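Colleague: okay, predicted coordinates and the sequence, questions at the end:
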Amino acid sequence: MNTILHEVYEWVYSIIIALAIAMVIHIFFFQPTRVSGESMVPTLHNGEYLIVSKLGHVMGDVPDYGDIVIIDSRVLYERTWKDDVTEPMNNYLAFFNHDLQTKNVWVKRVIGRPGDTLAFRDGKVWRNGEPLDEPYINEPMNYSRKDEIKIPEGYVFCMGDNRNHSSDSRFIGPVPVDHVLGKVIW
């Protein structure tokens, strides 16, 4: 009987250690996720699986132009370390249960960085007075506005590649850098 208890203890101990290591990797290094929706067509499609690097989020780095990132779309919500711990658990549930979606986590492309001025006219995005060359978009954008947007320090501006069918920074505003949860690497 003592040998059986020892064997069970060894198995439980190994499983707990493996889960702890997996959670650390998931929270701080890499995270699998799934595309939900059509806002990134033609680059990404509904149901595609992605691997996201969390290193930039952990380090507080500002992503580069053109990076495809996952964001917490609740731009007025103040994120804490608790969100970084619970988000992977919710993501795992959504990853394995296709009916469960994390509605506030979006996949978008970085268009503007701190200090940039963006304008939307003639079916294009203009950054700092120059039209962007965007071969990745699905079709010309049917969105324009008279005033320009100045991206504040500590924020980025993110848009979907399917501009006419994307909820993004045009509607929620610039995204705080701490709401950029990771960069898609595969």
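Modeller: Okay, I see it. Residues are numbered from 1 along each chain as shown.

Colleague: and Gly47, how far from Thr33?
Modeller: 12 Å (Cβ to Cβ, to the nearest Å). In this view, the C-beta of every residue, glycine as well, is placed from N, C-alpha and C.

Colleague: who's more crowded, these two?
Modeller: More crowded of Gly47 and Thr33, by other Cβ atoms under 10 Å: Thr33, with 22 against 10.

Colleague: residue contacts, the closest residue to Ile137 other than its chain neighbours?
Modeller: Excluding its sequence neighbours, the residue lying closest to Ile137 (Cβ to Cβ, 6 or more residues apart in numbering) is Asp161, at 5.2 Å. Contact analysis of Asp161 by Cβ atoms under 8 Å, 6 or more residues apart in numbering lists Ser39, Met40, Val41, Pro42, Thr43, Leu44, Arg109, Tyr136, Ile137, Asn138.

Colleague: redo that, cut-off 10 Å
Modeller: Asp161 makes contact with 38-44, 68, 107-109, 134, 136-139, 168, according to Cβ atoms under 10 Å, 6 or more residues apart in numbering.

Colleague: can you select the buried ones from those in ChimeraX?
Modeller: Command for ChimeraX that selects the buried part of the contacts of Asp161, burial taken from 16 or more other Cβ atoms under 10 Å:
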select :38,39,40,41,43,44,68,107,108,109,134,137,138,168
